[in-house]
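K.L.:
after the sequence you'll find the predicted model.
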Amino acid sequence: MERIATCACGKLRAICKGEPVKVSLCHCLECQKRTGSTYGIGAFFDRAQVRIEGGSTAYARLGDSGFVVNLHFCPNCGSTVFWEPQRRPDMIAVGVGSFADPGFPAPSQAVYDQHRHSWVPALE
């Protein structure tokens, strides 16, 4: 199976083979800022399963883990498509919304629940 995630303008693509290792819903404040929503959802793939096409600009931020997270976004439209958590150099995370696939696997975990907005249902 191959899935393609793209930015809004289509110039940055992440082509992912196989199933994600995990899909995680994150309520942290940084993901809220990154997405402009109340949470972010990332699909984590083994680095060898992902091929990136097109140019990206990276923004590095320090994660709560103490490791840097490199967020890659399209320099044309600004959409964040994927990120590289340095604490897991073998993985690439891809924003689930970038796949634009309502059939994409649901998250298997939620993190930073203490920052979940009260009107957002908890993941069961």
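P.N.:
Thanks, I have the structure now.
K.L.:
and the strands in this structure?
P.N.:
Residue ranges of the strands in the chain, as given by DSSP state E, are 2-6, 13-17, 22-26, 40-46, 50-53, 57-62, 68-73, 80-85, 91-95, 109-111.
K.L.:
tell me the most buried of those strands?
P.N.:
For the strands of the chain, average neighbour numbers computed from mean count of other Cβ atoms under 10 Å are highest in strand 91-95, which has a mean of 24. No exception for glycine: its C-beta is placed from N, CA and C like everyone else's.
K.L.:
what's the distance between P75 and T57?
P.N.:
P75 sits 5 Å away from T57, going by Cβ to Cβ, to the nearest Å.
K.L.:
check contacts around R87.
P.N.:
By Cβ atoms under 8 Å, 6 or more residues apart in numbering, R87 lies in contact with 63, 65-67.
K.L.:
C9 too?
P.N.:
Residues in contact with C9 (Cβ under 8 Å, 6+ apart) are 74, 76-77, 79.
K.L.:
are any of these buried, and which?
P.N.:
Buried members of those, counted by 16 or more other Cβ atoms under 10 Å: 74, 79.
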